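Colleague: test case, fold it:
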Amino acid sequence: MLAMLEKPSLVDLAVIALRERITQGIWPLGTRIPVEPDLAASLGISRNTVREAVRVLAFCGVLDVRQGDGTYVASRTDPVAAINALSRASPREHLEARALLEMTAARLAAVRRTDADLAALRAALAQRGELAEYADPAEFARHDLVFHRATIAAAHNAVLTALYDFFSDAIREGVINSVLDETLSDPDLASHVAVYDAIAAGDGEAAADAARLVIQPLLDDLARR
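Modeller: Numbering: from 1, shown residues only. Predicted coordinates:
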């Protein structure tokens, strides 16, 4: 028997309607949105529903409620929507996005890395080791992520770092799931050493290619399913 789908509440629908006005540019960034009675009239809902929808978007950082002044558009990006997209993404989509980030970071790291960055990468590699050395997949995933995070840091790009940190929980879960899935290739140490060697040599294209080859076997495995 199919489970009944839960219908969105009036507040959910109001949040969607308000968000659409922001993302479509009807209410540009920094502008004050209409007052509560006008919103209620235009959406055909109660003022209480509008108030709750505004509270949701204010909590997400999309709206800025200024007491005695009005409500302003603070951001066109809704982090909750991004988190929901992450939760719905397939393993292939996660890996493709991760590959783009790590290839870009490796390319930049090859020309920007410092001696301290190289030391951090060497230490992370030594701590990571091979998968066979670990009894706990979560522990292996933690050490694996330390190396990849060090690669991101060596790129010295604050936006890349922020993006990777946002993805980090999904990446960690992906590593754990790939370890537990016997049909997927194991993330071997040699491919990670190749990333380090290219970064240390200052070869951006080789570093990007090595970063791709860390993830490509998993993508190939998923494509064969």
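Colleague: quick check: which ranges of the protein have low pLDDT?
Modeller: 1-8, 78-87 (pLDDT under 70).
Colleague: which residues of it fall in helices?
Modeller: Using DSSP state H, the helices of the chain run over 10-23, 36-43, 47-59, 79-88, 91-112, 115-128, 137-154, 158-180, 189-201, 204-224.
Colleague: now the ones you listed in TSV, with distance to Gly68 and mean neighbour count?
Modeller: The way it works is simple: take the backbone N, C-alpha and C, and place the C-beta from them, glycine included. Below are the helices of the chain laid out as TSV (distance: least, CB to CB, whole Å; neighbours: other CB atoms under 10 Å):
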stretch	distance to Gly68	mean neighbour count
helix 10-23	21	17
helix 36-43	14	15
helix 47-59	15	17
helix 79-88	27	12
helix 91-112	43	20
helix 115-128	49	16
helix 137-154	43	20
helix 158-180	33	16
helix 189-201	54	19
helix 204-224	52	18
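Colleague: can I get those in TSV with distance to Leu29?
Modeller: Shown next, in TSV, are those (distance: least, CB to CB, whole Å):
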stretch	distance to Leu29
helix 10-23	8
helix 36-43	18
helix 47-59	14
helix 79-88	16
helix 91-112	25
helix 115-128	35
helix 137-154	28
helix 158-180	18
helix 189-201	37
helix 204-224	34
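Colleague: between these, which one is closest to Val73.
Modeller: helix 10-23 (5.6 Å; CB to CB).
Colleague: other SSEs contacting the closest one?
Modeller: helix 36-43, helix 47-59 (3 or more CB pairs under 8 Å, 6 or more residues apart in numbering; DSSP states H and E).
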